[in-house]
Structures are given as C-alpha cells and as structure tokens.
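Enquirer: Task: produce atomic coordinates for the following.
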Amino acid sequence: MKAETTAIEITAEKVDKGRGLARLCKYLDIEISQAIAVGDADNDESMIRMAGLGIAMGNANQHIMRLADVVVETNDKAGISQALDYFY
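Expert: So this is what the prediction gives:
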C-alpha cells in the first residue's frame, strides 16, 4: 500500500510497477537496463529503480525526484514529450 497526500493505492501483495516492467522486458526480450521509466509518485519507485534510466516528472514528489536519474518538465508542460524526444 502506498499513500500520497491526495490518494491511496492498494494493490495485491508483491505487485508493483517494477515487477511489471521486468515482466514486460522479459516478454519483449530486452534487458531492463535498456528500459526507461517515467513517474511522479511513490508507486513509481520500484519501476524507476529497476529501469536503466529513471525519469521523474517535474511535478513528482521530492522522493521520486531524488531517486530519478533525470527530471523533466511537469505533466502540464509536456514533460513526457521532452523525455521521449531527448532519450528515445
């Protein structure tokens, strides 16, 4: 269970975005070190840690920003486009 200031997320035990990313990479037959993960909240932590490149949105919480390799613009300022244009 992860809690944010405005929401709470409840998932099944041992289920998180990092494991989902690892499973997707295995299915696609790519190394997880080649994956890019973009997130803004604590529920993205495992995914950002596991990916070869972890990107935090500019509106991410401080924990995720510190954890990420790179911080891009906010959701409202097309941060995901910035990340894709620059790193893909």
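Enquirer: Quick check: residue 73 vs residue 9, distance?
Expert: Note on residue 73: its distance to residue 9, by Cβ to Cβ, to the nearest Å, is 24 Å. From N, CA and C alone the C-beta is placed, and that goes for glycine too.
Enquirer: Just want to know which of the two has more residues nearby.
Expert: Using other Cβ atoms under 10 Å, the more surrounded residue of residue 73 and residue 9 is residue 73, with 15 against 12.
Enquirer: and the more buried one, what pLDDT?
Expert: Among the per-residue scores, residue 73 shows a pLDDT of 96.
Enquirer: quick one, phi/psi of it?
Expert: According to degrees, to the nearest 10, the main-chain angles of residue 73 amount to phi -60, psi 170.
Enquirer: Only alpha carbons, please: show the lengthiest helix in the chain as CSV.
Expert: Ranked by residue count and defined by DSSP state H, the top helix of the chain is helix 17-28. Extracted C-alpha coordinates of helix 17-28, given in CSV (Å, rounded to 0.1, in the frame of the first residue of the first chain):
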residue,chain,number,x,y,z
LYS,A,17,5.3,-1.3,-11.3
GLY,A,18,8.9,-2.5,-11.1
ARG,A,19,7.9,-6.1,-11.4
GLY,A,20,5.5,-5.2,-14.2
LEU,A,21,8.4,-3.5,-16.0
ALA,A,22,10.6,-6.5,-15.5
ARG,A,23,7.9,-8.9,-16.8
LEU,A,24,7.3,-6.7,-19.9
CYS,A,25,11.0,-6.5,-20.6
LYS,A,26,11.3,-10.3,-20.4
TYR,A,27,8.3,-10.7,-22.7
LEU,A,28,9.8,-8.3,-25.2
